[in-house]
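Q: 3D, please:
(2 chains)
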Amino acid sequence: MAAGPSDAAPQALRDLPPVPSTSRTGFAEFSVRERMREKLKAARAKAEITLLQEDRSPRPRRLKSIRERKTDFRLDKASDNDKFSEMQEDESHLPSKMKFRDSVKRHKQKSTFQNDFPSAEEAYNFFTFNFDSEPESIKAGARKRNELNEEEEAEEECVETHEDEQEEDETDEDARLVKDDDLFIIGQTAEDFLVMKPADCESYSEQLKKEKEFLFTPSMLAVPPSEKMPGNMQPRYLEDEGLYTGERPFVSQSNQNILENRILRQEQGKEWFGDDGKILALPNPIKQSSTRPPIFSLEEGIAPELETVYRKAIKMTAANQYLVGPGDFQGPFQLDIDISGLIFTHHPCFSREHVLAAKLAQLYDQYLARKQKNLTKLLTDKLHALRNAVECSIDGGDAGVPRPVAQQSIPEYKIEIRQTRRLRDAEQEKDRMLLKTIIKVWKQIKSLRDFQKFTNTPMKLYLRKEEVDQRLDEKAYEAEIQAEINELLEECMEEYEKKMKEYKTELQEWKSWKKTQKSKKKKKKKDIHEEEESVEDCDLGEERVKPIPPKMANSLEIEQQVREKADNCRRKPGEPALIPELVLSGSVTPTELCPRAEVLRREDVKKRSAFIKVLFNAKEVSRTVTRPISSDFRVHFGQIFNLQIFNWPESLKLQIYETMGMSSTTLLAEVFIPVPETTVLTGSAPMEEIEFSSNQRVMLDHEGVGSGVSFSFEADGSNKMTLMTSGKVSNSVSWAVGEKGIPLIPPVSQQNTGIPSALKNIDAIASIGTSGLTDMKKLAKWAVEAKLDPNDPNNAALMQLIMVATSGEARVPDFFRLEQLQQEFNFVSDEEFNRSKRFRLLQLRNGEVAEFRNYKQVPLHEREISEKIFEDYEKRLQERDVIDSKNYLDAHRAVVANYLQKVRESVINRFLIAKHNFLLSDLVNEEEIPSLGILGLSLFKLAEPKRPLKPRRKERKKVTAQNLSDGDIKLLVNIIRAYDIPVRKPVMSKLPQPSKSSRSFNDMFAASPSAQSPMDSPDWALNQVLVRPFVEVSFQRTVCRTTTAEGPNPNWNEELELPFRAPNGDYSTHSLQSVKDEVFINVFDEVLHDAVEDDPERGSGIRTRVERHWLGCVKIPFTTIYFQARVDGTFKVDVPPVLLGYSKEKNLGIERGYDSVQNLSEGSYITLFITIEPQLIPGESVREKMNEMLKKFDTQEEEKLLQAAAKYEAECTSKFPSRKCLTTVIDLNGKTVFITRYIKPLNPPQELLDAIPNSSQTAAELVARYVALIPFLPDSVSFAGICDLWSTSDQFLYLLAGDEEEHAVLLCNYFLGMGKKAWLIIGNAIPEGPTAYVLTLEQSQYVIWNPSTGCFYGQYDTFCPLQNVYCLIGCDNIWFNMQEYDSPIRINFDISKPKLWKSFFSRRLPYPGLRSIQPEELVYQHADKAAAVELQGRIEKILKEKIMEWRPRHLTRWNRYCTSTLRNFLPLLEQNQGKDIEDDHQAELQKQLGDYRVSGFPIHMPFSEVRPLIEAVHSMGVHTIDVSNVEFALAVYIHAYPQNVLSVWIYIASLVRNR
Amino acid sequence: MAAAGSPGVFLLAVNGQIESGQFPGFDDLYCKFCFVYGQDWVPTAGLEEGISQITSKSDVAPTTLVWNFPIDITFKSTNPSGCECWGWWDPARRPGTRLTHTSFAGPQIVVSVYGPDFFGNDVVRGYGAVHVPFTPGRHTRTIAMFVPESTSRLQKFTSWFTGRRPEFTDPKVVAQGEGREVTRVRSQGFVTISFNVVTKDMKKLGYDVSPSDMQNPSLVPVTEGIHKY
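A: As a prediction, this is how the structure comes out:
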């Protein structure tokens, strides 16, 4: 620092002036600068001075960051390029700043005298200087200058840049300046003779060196202990010496060393070290074990902190128990407390006389009370009455009382008499004693007054003598005594007799004992003489005392006793009756005349006063005025407090205070007042006196006796007594009566008015009715049972209460109210609530009743709601229980329908509840975590060819159902082709026209069928059109038809479009699911007839008539299409077993190419493709959710099993998402049941088995047919698509309705019961969709049964409707199809192969032996043939009416002959199940009705209701024939199977007479 | 509606604006609003739903997002149940019956805020709802906003990564209490809404909603508003 600058500075100085070479400055700016310079001059002088001053003080060291140094560089570079290299050198060896400054200084000294202009150095100094003292102001000054002087600022640019180091805020501004102006400025500096020096940079090492002076880096090395210890002391280890030191908190050794080093640098640093050379430290405060008691959780999975803890309920505080809310129309309730006064029965200021007087008063009160009750008299009367009664019953017993009863009651009476007498005597004695004491006290008072020579109390006792008639009195007295004596005698006699009896028995015993004793003694004496003593000893111990005969009572003795007693407790005869009378008429000695002590006492009394506070529910509500205590120690208040109360009165309390003079107030006593009964009203409430006493101890220095202090009346101080302050508060508490006389009582039991009860405070029983909670009736019952004496005054209150209660005046609530506060919230009364239509509407809507669930805008006014709103609802409610038998011909089915309706309702209710339970997925949309598979798939998709060789069907866009309207949805039916359509029998068309005359059927047709056998005429077969079929699709009464094709295997390939209308225009998912409509696909034969065969104009033209003959149909429910989105496949056409005039074509053997197909199965088939346009999203979610919900709620399955089931399902669906895995289903009660519980061998109806005893094949078919005859009712329709309920087989048989599952379960159970191997197949079939079939193993061949049709198929049957097999269910296991394919043709049904079939119960989870929910055995009702016949008739009638109804413009003739023929024929069909009889039948019919062209067919249906039958008949369209002379024939046959399963055959035919 | 005597409905006109939001850490947000109301309420005029512009935070100190998006709607109703002041009270509810959505029938405004996340995907930043005040005058409400949480850490990560965070199936969920027990949410910012409420015929129908002691119930002092900035 010394040498360097001196070299550098002059150099810089020298070099600076010729800078302009790099300048960009324009001359234009000079003038401005000139002007500015002038201004600057003034400011400069001042700045210089400051600079100089500041310069002297050492410049504080500033750390320079790298960036700052860079700025320096830039500055230099910018100002002068020449200097650049030099700068570099400088930087290397000098702290550049210091050097620079020095040089500036030097230069300044030179330049000041040369010119006054501030040099660049000056300016630099000015700004770079670190003005420690007042940097703000200086800076501000500098700023100002900047603003003022643009030029100067420019000159000082370099300086400014330094400034930026100091002031971060200005960075932007400075930076901008530098950028804009730096070169220009430097040009100016040259002009102004500014000498610029390169900024000095400190080298890093220099910097470090300097830093070392200021900074201290504590070493991390350990400090030798000697440094830490004062003066060569050895470290001392307390722990080694056995003292407790505690564990030091852990600090890492390096940190510790740093700290030690740091501390040691300080003065007195050693103080921080302990004797052991370590830093002083407290022991580690952290405990290793927790001191809080651990909380143990009882339940798993719940954090213990969150666990709920049971606490016993505590009673609500009184403050919360509001009687009623404010603003209630009844208004607040009011309690009137009348405090009339206070009487002290003892007070410290009592004089002795007062004490006596109080005693006297008390006794007198007692006397009065006794007199009022007059128990003696009462008991005496009772005694008399009893005696009379006894006499009566003894004498005659003729007073209507039967003798035995009277006799029986005599001893009772006697006992009663004795008791009463004893009571009476006691009472009499008490009376007498009381009287005596009164007189005694009065005498004491008198003597005291005499003694003290003054009177303090005005009390005087008079004894009034009541003269009595001596003789009468004596007589009564004597009679009484006599009666008593007699009774006593009698009593004694009884006693004597009893005792005598006892005595006799005892004597007997004694004698016998004696005898034995004697005999024993004798024996003993004989035997062992030596032992005599000891024997005697023990004998002596047992020696019995000879009983003493009882004494006969002496009548004289008794008499004496009686008389003595009478003397004691009774007035002597003739003696006047004494009646005491206490009056306050005496005069009190005036104070002047009294001795000093008494005067003092009286003055003291005058000083005293008292007041009473009223506390309601322990809160002071009011207080009386302070009244002086009068000389007779009475305080009169006479104040009535009206308490308006909102809380239930819990307690009422009076606090009695006494004040002495001006100062002290003492609480004398607290008196609790019972809350009055609701019956106690103001006005009728009696004044009551409540006693109180205080344990305060007062000693007075005057005549007053004090309290709690012993004193004596005797002169010698004996007979001491101690009295406590006590007294009585006279008050009354009652419920106020408001205006109009309404009592302001809480409404609990307002009806109980008018029972004044004086005894309620004394008698617990009397206050029973208070709260209105006791059951009055029970009380009355108890009173009757307890034989309460109604005349007993003690019972008066109770009796009255009971009387009121039982007379029905008082309604006692016979319920317990849980929400007693509800009343406060009821803003209208319940009646009004129920009456109001508006409230009812709101309530119903809130309850989500179907009719009102979506009711908008409930009107504000009652009048705006029409009565009609509720009509439907009420009607529905009423009809619920009324079985409407009109629609059902069968009573049982009516009941079932009703039952189903109820199940449906309950399911819907559950659904509504379930709708309010949410899953997370209902509320929150969350992306699933993409699995590797999906990622891979999406990657693979990228590589997919744009135009694949085998294009896949693209999913159509799905449409949510809500925003649709009529006409938007269309049903597309694509009819492709059909196979094996029945062909016309040539006999019908080619029959020679019979002549009108030839009526003999037998002759005509005897040989015709055989003669016209088609086999015989191949020529004809080739030439003739066999059949001209077309298809008509009808849906929702819209009909579409295809063109007519020819031949038994037609090919149409036509698309039909049918509009779809949702019920009520409601296109919601919910509504669509419950559409019951079916798509009918009818196959017809178009037959051309010559219209008028014998028309005269026949030759001119041919008029033909087109007839169509129904051949068969396929029915597909709309819901199937809806759920499946498309129905695609070949369906079996439902061809009637007998088609008149048609036969199966295969016999003809024309189309040889189809032989292979035809051989597989019989019947006609049609290939269809049905879909809905646009595609609707089926509302599966609701259903799934519902199931989910139901699973969550109710189940009796074990949790473990359910978990296993869920796991199994998840595993299966993850592998084959399209295959449905079924483990649990919901039963009719809505409970989740494990599916195998449904499978159990069950007995089929015995009749069916009996029918074909030998052939198991036929029996199986019969059973399948029986099952198929049970009507089909899909759950999706009955439960509005909400859920799929499985009923057990007995329920199913009872309900006689169910869908595929129920049928399948029943069939499977039957097969098991028949000893077959059978399983339930859960799969997918056409047209049903997801369904259940039955699989049986017959002779190593698997057979698939369709339970709802009764058909069966071989495994390899191409026409088997079952398309996919998902899983098999047996009675003890579930097997999930793990094979690649699921078509029954391509899979192996061998469930023993675990690779093909994944079983639910395996070795890992063995079958736990689940109990089946099926019944042990099915009990069948026998077929009711009579009912069937009756039903048959009714249906026939209905159908005939219907057909006539459908032909309103034509005459409908019924051919009775044909009908009867058909009727005879139907049972045959039933018997043969509609097979193999066609030819016979045909022949027979032909035989009988040769004259007619008959077209018709029998329809076979299971019976559920009439409506489907009508529909079926209608859809066949037989009635549509409009030939003028057509006749009809209709026959119905019902075959009854067990359990009321009915098979209905309807044969309908039209006959046209051939001409 | 009865012509002269007593009206059959009362009207509640609400206008105001969704003023601003505070969503620390998020920027470029917009918000949607919709009204949820019970069966007895019908909007007669105005918009039930709306979507605001995207707004960015200002650089200067208060980092509120200002939308100032107007809302203007008029309801008519026959039954005030479920309004802000009557929320607990439903005349048709008897003790023991379930509390259903009809109990919360008064109009509520549901606000949901969206904005881009780190990757530029539009994600939800908050849901919130508040009852439309029922007393005439000016009211300001600040709604605390929240978003549903992912069900697991992994979900959280993937949702962050894919930009598909859990959302409510329907923003209206936040206006009802049903089913909320199955969700977990995290609070995230605030939205301030001001309402100017005018009612008609309420008093005539016996619904006295204005506090008796105050003429002008909740006029927010002007200074208070300023203090926020």
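Q: the residue in the stretch 1201-1350 of chain A that chain B sits nearest to: which element?
A: Closest approach between the stretch 1201-1350 of chain A and chain B, counting by Cβ to the nearest Cβ: A:Ala1210, at 17.1 Å. (C-beta placed from N, C-alpha, C; glycine too.) For A:Ala1210, the host element (DSSP states H and E) is helix A:1199-1215.
Q: likewise A:Asn731?
A: Counting by DSSP H and E, A:Asn731 is found in strand A:726-735.
Q: and the average pLDDT for that strand is what?
A: Mean per-residue pLDDT for strand A:726-735: 84.
Q: helices or strands up against it?
A: Taking 3 or more Cβ pairs under 8 Å, 6 or more residues apart in numbering or on different chains; DSSP states H and E as contact, the helices and strands that strand A:726-735 lies on are strand A:333-346, strand A:652-660, strand A:665-673, strand A:688-693.
Q: for those strands, which one sits closest to A:Gln639?
A: Ranking these by their distance to A:Gln639 (criterion: Cβ to Cβ) puts strand A:333-346 first, at 5.5 Å.
Q: what is the rounded mean pLDDT of that closest one?
A: 83.
Q: got the buried residues for the very next helix or strand once past it?
A: The helix or strand immediately downstream of strand A:333-346 is helix A:352-373, counting by DSSP H and E. By 16 or more other Cβ atoms under 10 Å in any protein chain shown, the buried positions in helix A:352-373 come out as A:352-361, A:363-364, A:367, A:370.
Q: now A:Pro576. Nearest residue, chain neighbours left out?
A: Distance criterion Cβ to Cβ, 6 or more residues apart in numbering or on different chains; nearest residue to A:Pro576, sequence neighbours excluded, is A:Lys465 at 3.9 Å.
Q: and the gap between the one you found and A:Ile579?
A: Counting by Cβ to Cβ, to the nearest Å, the gap from A:Lys465 to A:Ile579 is 8 Å.
Q: what's the answer for A:Ala1268, then?
A: Distance from A:Ala1268 to A:Ile579, counting by Cβ to Cβ: 110 Å.
Q: give me the neighbour count for whichever residue of chain B sits closest to chain A.
A: Nearest to chain A, among the residues of chain B, is B:Gly179, at 2.8 Å (Cβ to the nearest Cβ). By other Cβ atoms under 10 Å in any protein chain shown, the residues close to B:Gly179 number 17.
Q: that one touches B:Val173, doesn't it?
A: Yes. With contact defined as Cβ atoms under 8 Å, B:Gly179 and B:Val173 form a contacting pair (7.2 Å).
Q: list the contacts for A:Met1378?
A: A:Met1378 sits next to A:Lys1215, A:Phe1216, A:Lys1395, A:Leu1396, A:Trp1397, A:Lys1398 when contact means Cβ atoms under 8 Å, 6 or more residues apart in numbering or on different chains.
Q: typo on my end, A:His1303
A: Counting by Cβ under 8 Å, 6+ apart, A:His1303 has contacts A:Val1267, A:Ala1268, A:Ile1270, A:Phe1272, A:Phe1292, A:Ala1332, A:Pro1347, A:Ser1348.
Q: where does it sit: helix, strand or coil?
A: Under DSSP: H, G, I helix; E, B strand; the rest coil, A:His1303 falls in the helix class.
Q: look at it and report its pLDDT.
A: A:His1303 is assigned 87 on the pLDDT scale.
Q: tell me how far it lies from B:Glu181.
A: Distance check for A:His1303 against B:Glu181: by Cβ to Cβ, it reads 41 Å.
Q: burial measure for A:Lys498, as a count.
A: Residues contacting A:Lys498 under the criterion other Cβ under 10 Å number 11.
Q: in a helix, it, correct?
A: Yes. A:Lys498: assigned to a helix according to three-state DSSP.
Q: check which helix or strand A:Ile1499 maps to.
A: Counting by DSSP H and E, A:Ile1499 is found in strand A:1492-1502.
Q: give the other helices and strands that that strand contacts.
A: Secondary elements touching strand A:1492-1502 (3+ Cβ pairs under 8 Å, 6+ apart): strand A:1104-1117, helix A:1456-1471, helix A:1506-1516, strand A:1541-1553.
Q: for chain B, find the nearest of these.
A: Nearest to chain B among these is strand A:1104-1117 (31.8 Å), distances taken as Cβ to the nearest Cβ.
Q: which strands and helices lie in contact with the very next helix or strand once past that closest one?
A: Counting by DSSP H and E, the element after strand A:1104-1117 in chain order, helix or strand, is helix A:1118-1124. Applying 3+ Cβ pairs under 8 Å, 6+ apart, one finds that helix A:1118-1124 contacts helix A:1069-1073, strand A:1078-1090, strand A:1165-1173, helix A:1275-1278, strand A:1329-1338.
Q: show me what counts as buried in the helix or strand that helix A:1118-1124 is followed by.
A: Following helix A:1118-1124 in sequence order, the next helix or strand is strand A:1126-1132 (DSSP H and E). By neighbour count on 16+ other Cβ under 10 Å, the buried set for strand A:1126-1132 is A:Val1127, A:Gly1129, A:Thr1130, A:Phe1131, A:Lys1132.
Q: so which of these is the closest to B:Thr74?
A: Using Cβ to Cβ, A:Val1127 is the member of these that lies nearest B:Thr74, at 51.0 Å.
Q: spit out the contact partners of that closest one.
A: A:Val1127 neighbours (Cβ under 8 Å, 6+ apart): A:Ile1116, A:Thr1120, A:Ile1121, A:Leu1168, A:Phe1169, A:Ile1170, A:Thr1171, A:Ile1326, A:Pro1327.
Q: what is the neighbour count of the residue of the stretch 1201-1350 of chain A closest to chain B?
A: A:Ala1210, neighbours per other Cβ under 10 Å, totals 11.
Q: re earlier: put the buried members of the contacts of A:Val1127 into a PyMOL selection.
A: This is how PyMOL selects the buried members of those, with burial counted by 16+ other Cβ under 10 Å:
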select buried, chain A and resi 1116+1120+1121+1168+1170+1171+1326+1327
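Q: so where does A:Gln843 fall, helix or strand?
A: helix A:837-846.
Q: please enumerate the helices of chain B.
A: Ranges of helices in chain B, per DSSP state H, are B:153-162, B:222-227.
Q: among the ones you listed, where is the model least confident on average?
A: Taking the mean pLDDT of the helices of chain B, helix B:222-227 comes last: a mean of 44.
Q: hang on, the earlier thing: pLDDT for the contacts of A:Val1127 - can I get that in CSV?
A: Output for these, formatted as CSV (pLDDT from 0 to 100):
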residue, pLDDT
A:Ile1116, 83
A:Thr1120, 77
A:Ile1121, 82
A:Leu1168, 88
A:Phe1169, 89
A:Ile1170, 88
A:Thr1171, 87
A:Ile1326, 74
A:Pro1327, 71
